[in-house]
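# Test case, fold it:
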Amino acid sequence: MERFDFSQEELAKRVGKERSTVANALRLLKLPARIQTQVSEGKLAMGHARALLALDHADDMQEAAAQVVQKGLSVRETEALVKKIREFGAPKTKGKVVKATDPQLIHLAGELKRALATQVKILPKGKGGKIEISFFSPQDLERLLEVLGIA
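Numbering: from 1, shown residues only. Got it, this is the predicted structure:
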């Protein structure tokens, strides 16, 4: 678009699409490359991807995308998941909590996140700390319990 100095309207006319279709497609370029690939491979629909754009962080987008693909969520279910992540994604904790800056803790949090396919935070506090594992529905909790060998 920039290369040819086209507006969205002009580009839409050239490709035979509505301006809103072009605008939505351009918005998808703001997604992390991994999610763009999932859209191009047909693993995620454009509607799912648009819903993910409401999240502020790439990690949250990728985490949500993984859940959408894994659970086969509809676009409406994806929108509900995004809403929950936006509402509850950054839980407030009491007391002094130090953000995990230890490379080993960051690595471990990433490993847990991949293994559980959900958001995991390691929050060191003094000599101890806590591990937060997020879930977004009763079914998601059940899945996590199964993965952990508890259910």
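# so residue 123 sits in a helix?
No - under the criterion used here (DSSP: H, G, I helix; E, B strand; the rest coil), residue 123 is strand, not part of a helix.
# From residue 109, how far out is it?
Applying CB to CB, to the nearest Å, the value for residue 123 to residue 109 is 10 Å. C-beta here means a position set from N, CA and C on the backbone, and glycine is covered the same way.
# Ok, residue 17 next?
Using CB to CB, one gets 42 Å for the distance from residue 17 to residue 109.
# Kindly report the same for residue 130.
Residue 130 sits 12 Å away from residue 109, going by CB to CB.
# where exactly do the helices run in this structure?
According to DSSP state H, the chain carries its helices in the segments 8-15, 19-27, 33-40, 46-52, 58-71, 75-88, 103-116, 138-147.
# Tell me how far the shortest one lies from the chain's centre.
So that's helix 46-52. The gap between the average C-alpha position of helix 46-52 and the chain average comes to 10 Å, counting by CA atoms, centre = their mean, to the nearest Å.
# List the buried residues in it.
Residues of helix 46-52 classed as buried: 48-52 (neighbour count, 16 or more other CB atoms under 10 Å).
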